[in-house]
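K.L.:
predicted structure and sequence below. I'll ask about it afterward.
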Amino acid sequence: MDDEDLPDNPREWLELLNTITLDTGQATEVAELITKITDQELLYHLASQISDPDLLEYILSALQDQSLLIKLLDQRQNPKVKAQIVSKLENQELLDTIYHTDTEMTVRQAAFVKLEDEDLNRHIIRDEPSPEIRTMATAKIDDPELLESIVFGDEHPLPRAQAASQITDQNVIRRVIRVEQNGDVRLAAVRNLEQQDLLIDLIRNDLYWKIRMEALRKVNDPQIILEAVRTDPSIEIRLFCIDLITDETTLAEIAMNETQTQLRKKAVERIQDQDSLAVVALEDEEDQIRQLAVAKLQNQEILAQIARKDRRSAVAEMAITKLHDTARLQKLFDEVNNLRLKQAIIRQIDDQQILHQMLDKTTGSIRQLIADRLH
């Protein structure tokens, strides 16, 4: 909408905005319209009249005048809307009043986020009944001793987990992991753990799979990761470990020797080295795995070798579809006896002269297929 077409008064603006339906993809249009409103009084008037919460959010994002925001706060009763307004306030005294007196938790949380009083944080950590707000207060703390008192003293896991996520002292982290009963608190501590011996012990012995996975992210020993691929009880962790392995030979070994198809497929998907893929494609016992390997092969010699030696025509046929060397295809045609493979080879050859030469040497259905390929 051009600027000259914009409404002239609040009533017309309300009529225009109320015609917009955000769930039909008009959010960008709304955002552009709101940015064109520079009159804070007009924005206040619209915010006091609009009932659609999504539309109101756009208007509040543009409303900056503190006195108008305070005035609007007295008018709106919806906790979500009040929290949005409070999140834009700057007056610390008013924010402190809202935090201590408002009955809605979301509004109190919004006020607390804006408060800059460090002493209040300590008071909240000690006396605030809401674990959510205590957690928010903990996030503002950088005193190691206070964080330690929270992680070992708070009755709720939310602030304990927040404190654990901020602690870097390795001795304190070890203690948290050893004495804490809540898995998420221990997980937060493990994310800051650097000691390899404890990480390895967690990988081998911890009952909480998320902790074992986080320890695997941080461990530096490839053999420990390979051990987890082979022994961890969680299929999710074993798959995750395969993503951590970069050695192509190891991936090929997993693809060939693991018992679970899901793990073997994951290993093949990670292999890039053509020689390692060739080993899987030529030697594995399961067609599904071999086909995955063939699909990633580009080496024409190896593909021809698979087509020539493979007794299972589906795998050999896939290899043929990836061959582009006409001379190699022609030679392969003379070497294989399987009808389906011969047909697959014919379909790969486009050279009309070669097809004419092959036509004179064939009979039956193969001869007919060649004839059909000739223009």
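P.N.:
Cool, the structure landed. Numbering: from 1, shown residues only.

K.L.:
which residues sit in contact with the nearest residue to D247 once chain neighbours are set aside?
P.N.:
Excluding its sequence neighbours, the residue lying closest to D247 (C-beta to C-beta, 6 or more residues apart in numbering) is P222, at 6.9 Å. Placement of C-beta: from N, CA and C, glycine included. Contacts for P222 (C-beta atoms under 8 Å, 6 or more residues apart in numbering) come out as 245, 247, 250.

K.L.:
filter the residues you listed down to the buried ones.
P.N.:
Buried members of these, counted by 16 or more other C-beta atoms under 10 Å: 245, 250.

K.L.:
my read is that W13 contacts L43, right?
P.N.:
No. Counting by C-beta atoms under 8 Å, L43 is not a contact partner of W13; they are 9.5 Å apart.

K.L.:
find the residues that touch each one of these two.
P.N.:
Shared contacts of W13 and L43, defined by C-beta under 8 Å, 6+ apart, comprise I37.

K.L.:
flag the shaky bits of the stretch 151-300 of the chain, pLDDT-wise.
P.N.:
The model of the stretch 151-300 of the chain has no residue with pLDDT under 70.

K.L.:
and T259, helix, strand or coil?
P.N.:
The three-state label given to T259 by DSSP: H, G, I helix; E, B strand; the rest coil is coil.

K.L.:
measure it to S48 for me?
P.N.:
For T259, the distance to S48 (C-beta to C-beta, to the nearest Å) stands at 67 Å.

K.L.:
of those two, give the one with the bigger neighbour count.
P.N.:
More crowded of T259 and S48, by other C-beta atoms under 10 Å: S48, with 15 against 6.

K.L.:
quick one: which helix or strand includes that one?
P.N.:
Remark: S48 resides in helix 40-49, with elements defined by DSSP states H and E.

K.L.:
chain center to that helix: distance?
P.N.:
Distance of helix 40-49 from the chain centroid (C-alpha atoms, centre = their mean, to the nearest Å) equals 40 Å.

K.L.:
thinking again about what came up before, in strands only, show me the contacts of P222.
P.N.:
Among these, none falls in strands (DSSP state E).

K.L.:
among the contacts of P222, which are in helices?
P.N.:
When DSSP state H is applied, the contacts of P222 are split such that T250 fall in helices.

K.L.:
between the contacts of P222, which sits nearest T101?
P.N.:
Nearest to T101 out of the contacts of P222 is I245 (C-beta to C-beta; 57.2 Å).
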